[in-house]
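Participant: how would this look folded up:
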Amino acid sequence: MQHTADVGVIGAGHAGIEAALACARLGLDTVLFTINLDSIGNMPCNPSIGGTGKGHLVYEIDALGGEMGRAADLVTLQSRTLNLGKGAAVHSKRIQADRAKYRALMKHTIETTEHLRLVQSEVREIRVEEINGEKRVRALVTALGEVWEVRAAIICTGTYLSSEIFVGDRSYKSGPDGLMGAEGLSDSLRALGVTLMRFKTGTPARVKRASIDFSKLEVQPGEEDVTPYSVRTDPHAFDNLEQIPCHIVYTNQKTHEIIKSNITRSAMYSGKIHGTGPRYCPSIEDKLTRFADKDRHQLFVEPMGENTEEMYIQGFSTSLPLDVQHEMLHSLDGFANAEIMRYAYAIEYDCIDPTELYPTLECKRIAGLYGAGQFNGTSGYEEAAAQGLVAGINAAMKLLDKEPLVLTRASSYIGTLIDDLVTKGTNEPYRIMTSRSEYRLILRQDNADERLTPLGHRVGLVSDERYAAFLEKQKQIEDEIARIESTNLSPSAELNALLREHNSTEVTTGIKLCDLLRRPELSYAALAPVDTNRPDLPRAVAKSAEIRIKYEGYIRRELAEVQKLQKLEEKLLPPDIDYDAIGGLRIEARQKLQKIRPLSIGQAMRISGVNPADISVLLIRLSEHEGGSYEQN
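Facilitator: Have a look, this model is predicted:
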């Protein structure tokens, strides 16, 4: 059978969902393929969304018009903001999600989206055609022999691509959670000249709730004031939420002895696994090897959902055999009688070398072919969804003959993530962290909409109504900043009593409200009793106004740095430039530049192996007149 569509999306995980929804919402006839309809939006590892750096991504996805934030809000079991003891730049929201509800919600969202068809089938082949020397996507072929003619395809295969499960000395072909893996597509990609790598990740056991003695665990409650991820969520939706607590337990000397005495039986250390694992989410046996000086490691006991007995033991990922999994689990306080419902495992899978992609996430070798998520060498649901959204937008922009969306490092963590991948590559599953950005202070969670909603509106994923509400919010923030900066307070007994209460220096003369707010020990909320003319504002407006005033000097310096570097990003390199023909470039620089094909001088500067002297050569070769024409030696 033969079918047609504008865009074919391969895989319905977090990347595939965002990619398919973006294309369909932009009016393109889109087909989304999944090996199993019941695995749409599955969370095969931790039942949570957000976390350090990752929470920023979710806010940014929502600001661009994506779906993850809204869905996460609707299935929240518990919400916490991490790093509150640090500056606002690294505050990161993380929620415990009801895994089953999230899957059902995303599946129904896809099923009811116009222009979007959902098909349970495995794609095994990508067919291309060559037009004027350029290879272009032409069709997708399924395992059942169906041929779908498409103008663009987005690969979002997650950990399913030629995947293999490892538990101790046992291994077998499978995708995550006992689902079928994707076989055949890797061979098709290799035949097309795509370079594939082999990565590995893993997951801990799931334990029956009733078999855990929670009286021996530390309780980890949720936060009181919950701010939603999405602007589409009612800001008061969580006011009466009964949050489900999480718990904390620690490994101990006995746990460590069990693991160390059996470590050669781990698939990680027996030589069976060849793929590279994630540095920032290691297995428990890897933790004990790398951090041998630690007497214990913290583990988090988290619910998988409201209507399930499964509990997730975060930090206890392993590929040790089943008997060892039982023994090490029973060594934990409160887990003496714990029953394992799903065993831990490691999984290997194929992914692309991300340096073979443009910043639009389009494949350099094949026009119209895009990659997103773990296929691009990342780890995490949030990284996947962010890339899926960008890939979907850019596939749509290309077919609609519109300007592509290329996010800079200074615009977003999504831009940082993609630039790191396509410019530097990765030799392990990539995870976003706030430390990866040089612009942390201006890439906060609270201003994600300020940074990206205009772009979401430009591409067509943010409605005019929502954009008008966004503009009104920005006006409220500006008005409140202006009011705070123009408000003077006279010295009074009430003011000085408040200052003493917060261990702040008393005043003897008049003082501006903004100067008080800049004091580290004082906050917008704390100053409410003496700020008598304060308007009744939404929490998000007040928060953004407070942060911008408190960090004004730092923000101004960072923005000045951004403007300076932006000039280098605006110096575009011709797409057909032949670096081998440029005299003065070192051999390593020529090879790296030829492989990465940077879009600008700014991107070229971030390529490992390209030094300042090479950049000087490139700048000399770029003409100064408008259009940046290039003259070769």
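
Participant: which residues in the stretch 151-300 of the chain form helices?
Facilitator: 185-191, 253-261, 284-290 (DSSP state H, counting those that start in this stretch).

Participant: Please enumerate the strands of the stretch 101-250 of the chain.
Facilitator: 116-120, 123-131, 134-142, 147-149, 152-155, 164-167, 170-173, 196-203, 206-208, 218-220, 246-250 (DSSP state E, counting those that start in this stretch).

Participant: With the stretch 451-600 of the chain instead?
Facilitator: Using DSSP E, counting those that start in this stretch, the strands of the stretch 451-600 of the chain run over 488-489, 511-512.

Participant: Give me the packing partners of the last one, helices and strands only.
Facilitator: It stands for strand 511-512. strand 488-489 (3 or more C-beta pairs under 8 Å, 6 or more residues apart in numbering; DSSP states H and E). For the C-beta atoms, the positions are set from N, CA and C on the backbone; glycine is no exception.

Participant: Can you dump the C-alpha atoms of stretch 537-547 in CSV for me?
Facilitator: Once non-C-alpha atoms are left out, stretch 537-547 reads as follows in CSV (Å, rounded to 0.1, in the frame of the first residue of the first chain):
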residue,chain,number,x,y,z
LEU,A,537,-0.3,41.3,40.7
PRO,A,538,0.0,37.8,39.5
ARG,A,539,2.8,35.8,41.3
ALA,A,540,4.7,35.4,38.1
VAL,A,541,4.7,39.2,37.4
ALA,A,542,5.9,40.0,40.9
LYS,A,543,8.7,37.3,40.7
SER,A,544,10.1,38.6,37.4
ALA,A,545,10.0,42.2,38.6
GLU,A,546,11.9,41.3,41.8
ILE,A,547,14.6,39.3,40.0
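
Participant: What's the mean pLDDT across that stretch?
Facilitator: For stretch 537-547, the mean pLDDT works out to 95.

Participant: Give the buried residues for it.
Facilitator: Leu537, Ala540, Val541, Ala542, Lys543, Ser544, Ala545, Glu546, Ile547 (16 or more other C-beta atoms under 10 Å).

Participant: Name all residues that make contact with Lys402.
Facilitator: Residues near Lys402 by C-beta atoms under 8 Å, 6 or more residues apart in numbering: Val459.

Participant: How about the one 10 residues further on?
Facilitator: With contacts defined as C-beta under 8 Å, 6+ apart, the neighbours of Ser412 are Glu60, Leu443, Ala448, Arg451, Leu452.

Participant: Need the max-distance pair from those residues.
Facilitator: Leu443 and Leu452 (10.3 Å; C-beta to C-beta).

Participant: my guess is Pro321 contacts Ile263, does it?
Facilitator: No - Pro321 lies out of contact with Ile263 (C-beta atoms under 8 Å); the separation is 11.4 Å.

Participant: ranges for the helices of the stretch 301-450 of the chain?
Facilitator: Using DSSP H, counting those that start in this stretch, the helices found in the stretch 301-450 of the chain span residues 322-330, 381-399, 413-419, 448-459.

Participant: Just put those helices in CSV and tack on mean neighbour count.
Facilitator: Below are those laid out as CSV (neighbours: other C-beta atoms under 10 Å):
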stretch, mean neighbour count
helix 322-330, 18
helix 381-399, 29
helix 413-419, 27
helix 448-459, 21
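
Participant: Generate a markdown table for these, with distance to Pro354 and mean pLDDT as supplementary columns.
Facilitator: Shown next, in a markdown table, are those (distance: least, C-beta to C-beta, whole Å; pLDDT from 0 to 100):
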| stretch | distance to Pro354 | mean pLDDT |
| --- | --- | --- |
| helix 322-330 | 33 | 97 |
| helix 381-399 | 10 | 98 |
| helix 413-419 | 9 | 97 |
| helix 448-459 | 22 | 98 |
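
Participant: Distance to Gly65 added to those, as TSV?
Facilitator: Shown next, in TSV, are those (distance: least, C-beta to C-beta, whole Å):
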stretch	distance to Gly65
helix 322-330	42
helix 381-399	8
helix 413-419	13
helix 448-459	4
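
Participant: Please name the residues that touch the residue minimising distance to the centre of the chain.
Facilitator: With distances taken as C-alpha atoms, centre = their mean, the residue of the chain nearest its centroid is Glu383 (2.5 Å). Residues in contact with Glu383 (C-beta under 8 Å, 6+ apart) are Lys54, Leu57, Gly373, Leu417, Tyr430, Arg431, Ile432.

Participant: swap in Arg590?
Facilitator: Tyr579, Asp580, Ile582.

Participant: The last one contacts Arg621, correct?
Facilitator: Yes - the pair formed by Ile582 and Arg621 meets the contact definition of C-beta under 8 Å, at 6.2 Å.

Participant: looking at the contacts of Glu383, which has the most residues close by?
Facilitator: With neighbours taken as other C-beta atoms under 10 Å, the top of these is Leu57, carrying 33 neighbours.

Participant: Spatially, what comes nearest to that residue if we skip its sequence neighbours?
Facilitator: Excluding its sequence neighbours, the residue lying closest to Leu57 (C-beta to C-beta, 6 or more residues apart in numbering) is Glu382, at 4.2 Å.

Participant: Surely that neighbour is in contact with Thr52?
Facilitator: No - using C-beta under 8 Å as the test, Glu382 is too far from Thr52 to be in contact (10.7 Å).

Participant: so which of the strands of the stretch 101-250 of the chain is the most packed in?
Facilitator: Here the criterion is mean neighbour count by mean count of other C-beta atoms under 10 Å, and of the strands of the stretch 101-250 of the chain the winner is strand 152-155, at a mean of 30.

Participant: Please name every helix or strand in contact with that one.
Facilitator: strand 7-10, helix 14-25, strand 134-142, strand 369-371, helix 381-399.

Participant: would you turn those into TSV with distance to Leu499?
Facilitator: Formatted as TSV, the helices and strands packed on strand 152-155 follow (distance: least, C-beta to C-beta, whole Å):
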stretch	distance to Leu499
strand 7-10	58
helix 14-25	48
strand 134-142	65
strand 369-371	56
helix 381-399	41
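
Participant: quick one: which of these is nearest Ala89?
Facilitator: In terms of C-beta to C-beta, the element of those nearest to Ala89 is helix 381-399, at 17.6 Å.
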